[in-house]
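Trainee: Dropping the sequence and predicted coords here.
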Amino acid sequence: MAQYDGVFNALGLREWCDADKVDGPMTMAQLLAKAQGTNPDEASGPLPFPSLDALHEACGRIPQTRDMTAGLERFFLDIKDNLKLVLDPITQPLSWMLDGALWLFTSIPWFVLIPMLIALTWFVSRSRPVTIFVALSFVFLGAIDHLEVAIQTLAIIFVCTGLCVLFGVPIGIAMSKNDRLQKGGIPVLDLLQTLPTFVYLIPLIFLFSVTESKLYGIAIILYAIVPVIRLTDLGIRLVDKDVIEAADAFGMTSRQKLFKVEIPLALPNIMAGVNQTIMMSLAMVVIASLVSAPGLGVLVLRGIRNLEIGVGLIAGLGIVLLAVMLDRASKAALARVDVSRSSR
Amino acid sequence: MTNVNEPQIRIRGLYKIFGASPERVLPDVQKGMSKADVLSDLRHVVGLRDINIDMYAGKTTVIMGLSGSGKSTLIRHLNRLIEPTTGEILIDGQDVMKMGQAELRELRQTRMSMVFQKFALLPHRSVIDNAAMPLEVRGVDETERLNEARKWLARVGLEGFEASYPHELSGGMQQRVGIARALTSNSDIMLMDEAFSALDPLIRTDMQNLLLELQEELHKTIIFITHDLDEALKLADHLVILKDGEIVQQGEPQHILMHPEDPYIIDFISDINRARVLRARTVMKAGADGIPVAGDVDADDTLEHVIARSEGRTDQAFRVMRDGETVGVLTMTDVVRALVPADPSQERQAVAV
């Protein structure tokens, strides 16, 4: 007898409960009790929380918790094929882009690629210290034979950040224009931001083959797109109302207003979002090595798996170095935008 | 341009009520329910109540009121930055309220320009790009619009600052850019929303003089909002005094000064320097009967100027001239009498009777 029997009896549900009663497979608790020679059905001990399992003992019609977990799994498996049919073609370009970028970055000889990246740093930051720091970092990574893996990580980040900006900025603009969209969007963004990074991988592993690069691409983009959306939305909403009014008073169309007033004035905020997005893709790219993302993360993973402490630590240092390089370069770019545009 | 005797802008029966459902409240407001009652009983704010104004082409209409009187709301109705609850706004006979989006944009681009209290320049653009903005919106090509902008920047005294950014300029200079921007749009109506209120007193006087000078030359239809009576009297051809969303009195400023119709206005004008704002034509007696005169003064001269001419002697009289013709005689006794405002309490009683 279970402790909640009385409740079902009192509600007059006993018959409903016992109708077509089938004993499911034993639970772990039942198995343990059996092994110890006690009867688990005996009402004993303090009153348990009326959980699904506890209620199931009293009434066979109430499902067990494991049924729910299994149901969720079944649901995923059921929709998997249909979902795949839709998602696969849509996301296929992502695989191509990631593979293409990885191929491109690794096939360009280092003596061409490194100067190109240093030139790019100079172009976006126009800052001598940042450029020198980036150049030295590349030399260091090269000297310790980590250049190729670092470049792979960089390639993934470039592709993912680029796509984040491509999708995030328009979504942010749409959210700033539409209060209802913003209300609906913010919980989704909160979810994406708070979901533990490993959890991103679970449904994706179901949907896509682990060998496809889009798997980690999607995980990185979903995780890293949040700040650029948020800060674009915020930046456009923070544009001085007086200036918007002036734009209206001189008869600007909403398109003119967006491109000539709102986006330029929101640019510092948008750039801050891009900086955050870069940092978050870097964080995710390490986790993504669990699902075959190449790069420094693989070495970190090897360090953990095989207890090769030196390998893991050096790779970790490389990631930190990449993070600092990307952060300084994008912050310098942000500062450059800010100075020439700010009125305050 | 339309017939001079026809007002260019007519506002008829304009109401603006702020709140959840203004239409529901409107009948009560139209029946004369007071602002306080509407707020406490119906939870709506009466922004403007039954506004009727005629504004003539080439004239400066000043709308004056303290903060909260609805003057900024009123000016934003003219280009429909704010939608009215009910009423008509006719510009050259065309009802602004009935315009579609495209027509309204056309109106804002070509017929009306606006100058703002906080300048509202685009901070990320140079001065010349700011001034050229109205033409850019219209799609005028770059060389042409920059030439036009350069011309007007020079006209407001900003030659050499074309490449600067707004944050590098002082407040007064920023507002000059604002005016240049409005002039570049080459529209015949200029809306000025407390355009000089954010400036230091000395700079404000400079800007007022600049505006008068420009107006002499350009004859725009200016609608100017201010809370400063001295400024209103200096600039206005037609003065509208607004209180709690209603017009208290409107008319020629000199007339309002001499014949205030409301205790509110009497209080208002009791503090101003009458010698500086009253003009010879307002105080003079018409006709030129043989009083010996000490000299000629212009009809538009201020009493301050006349007093300076008389060197303080009160036994003198002046002939008042306009365009070379005698229009009246001004005795110093009348001048001195005009300087003392009628005792507010007495006049208040007179109005009450």
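Mentor: Received the coordinates, thanks.
Trainee: which element follows the helix or strand encompassing B:Asp230 toward the C-terminus?
Mentor: Taking DSSP states H and E as the definition, B:Asp230 sits inside helix B:229-235. Note on helix B:229-235: by DSSP H and E, the next helix or strand toward the C-terminus is strand B:238-243.
Trainee: on contacts alone, who are the packing partners of whichever helix or strand comes after that next one?
Mentor: Remark: after strand B:238-243, the chain's next helix or strand is strand B:246-251, criterion DSSP H and E. Applying 3 or more C-beta pairs under 8 Å, 6 or more residues apart in numbering or on different chains; DSSP states H and E, one finds that strand B:246-251 contacts strand B:45-55, strand B:238-243, helix B:263-269. Every C-beta, even on glycine, is put in place using the N, C-alpha and C of the backbone.
Trainee: Please identify the buried residues of the helix holding B:Asp230?
Mentor: B:229-235 (16 or more other C-beta atoms under 10 Å in any protein chain shown).
Trainee: Relative to the whole chain's centre, how far out is that helix?
Mentor: 8 Å (C-alpha atoms, centre = their mean, to the nearest Å).
Trainee: Rebuild the helices and strands packed on strand B:246-251 as JSON lines, extending it with mean pLDDT and distance to chain A.
Mentor: Listed next are the helices and strands packed on strand B:246-251 as JSON lines, based on pLDDT from 0 to 100; distance: least, C-beta to the nearest C-beta, whole Å:
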{"stretch": "strand B:45-55", "mean pLDDT": "91", "distance to chain A": "17"}
{"stretch": "strand B:238-243", "mean pLDDT": "92", "distance to chain A": "20"}
{"stretch": "helix B:263-269", "mean pLDDT": "85", "distance to chain A": "28"}
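Trainee: and these, which is most packed in?
Mentor: Ranked by mean neighbour count, the helices and strands packed on strand B:246-251 are led by strand B:238-243 with a mean of 23 (mean count of other C-beta atoms under 10 Å in any protein chain shown).
Trainee: What lies in contact with it?
Mentor: B:53, B:55-56, B:59-66, B:69-71, B:74, B:232-233, B:247-253, B:256, B:264-265, B:268 (C-beta atoms under 8 Å, 6 or more residues apart in numbering or on different chains).
Trainee: Could you rerun that using 7 Å?
Mentor: B:53, B:59, B:61-65, B:69-71, B:232, B:247-253, B:256, B:264-265 (C-beta atoms under 7 Å, 6 or more residues apart in numbering or on different chains).
Trainee: likewise stretch A:193-207?
Mentor: With C-beta under 7 Å, 6+ apart as the criterion, stretch A:193-207 contacts A:76, A:80, A:83-84, A:87, A:215, A:218-219, A:222-223, A:226, A:284, A:287, A:290-291.
Trainee: And stretch B:16-23, by the same measure?
Mentor: For stretch B:16-23, contacts defined as C-beta under 7 Å, 6+ apart pick out B:25-26, B:29, B:43-48, B:73, B:77, B:82, B:84-85.
Trainee: Any idea how far that stretch is from the middle of the chain?
Mentor: 27 Å.
Trainee: A:Gln182 belongs to a helix, doesn't it?
Mentor: Yes. Assigned with DSSP: H, G, I helix; E, B strand; the rest coil, A:Gln182 falls within a helix.
Trainee: Report the contact partners of it.
Mentor: Contacts of A:Gln182 (C-beta under 7 Å, 6+ apart): A:175, A:233.
Trainee: which outside residues touch the longest helix that chain B contains?
Mentor: For chain B, the helix that runs over the most residues, judged by DSSP state H, is helix B:201-218. Applying C-beta under 7 Å, 6+ apart, the contact partners of helix B:201-218 are B:60, B:156, B:172, B:175, B:196, B:199, B:222, B:231, B:234-235.
Trainee: before we move on, what about stretch A:161-181?
Mentor: For stretch A:161-181, the external contacting residues (C-beta under 7 Å, 6+ apart) are A:182, A:185, A:221, A:224-225, A:228-229, A:232-233, A:236-237, A:270, A:274, A:277-278, A:281.
Trainee: Show me those that map onto helices.
Mentor: A:182, A:185, A:221, A:224-225, A:228-229, A:232-233, A:236-237, A:270, A:274, A:277-278, A:281.
Trainee: Let me see the domain layout of the chain.
Mentor: Because you didn't say which chain, this covers chain A. Annotated domains of chain A cover A:5-63, A:78-341 [automatic domain parsing].
Trainee: hmm, I had chain B in mind actually
Mentor: Taken from automatic domain parsing, chain B resolves into B:58-72+B:100-269, B:274-339.
Trainee: first to last residue in the first one, what's the distance?
Mentor: Right, domain B:58-72+B:100-269. Domain B:58-72+B:100-269 has an end-to-end distance of 26 Å (criterion: C-alpha to C-alpha, to the nearest Å).
Trainee: circling back: now could you export just the CA positions of the longest helix of chain B as CSV?
Mentor: Extracted in CSV, the C-alpha atoms of helix B:201-218 (Å, rounded to 0.1, in the frame of the first residue of the first chain):
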residue,chain,number,x,y,z
PRO,B,201,20.7,86.1,-22.8
LEU,B,202,23.3,88.0,-24.9
ILE,B,203,23.4,85.3,-27.5
ARG,B,204,19.7,85.2,-27.5
THR,B,205,19.5,88.9,-28.4
ASP,B,206,22.0,88.3,-31.2
MET,B,207,19.9,85.5,-32.6
GLN,B,208,16.7,87.6,-32.3
ASN,B,209,18.4,90.4,-34.3
LEU,B,210,19.6,87.8,-36.8
LEU,B,211,16.1,86.5,-37.2
LEU,B,212,14.6,90.0,-37.7
GLU,B,213,17.3,90.8,-40.2
LEU,B,214,16.6,87.6,-42.1
GLN,B,215,12.9,88.2,-42.0
GLU,B,216,13.3,91.7,-43.4
GLU,B,217,15.0,90.1,-46.4
LEU,B,218,13.1,86.8,-46.8
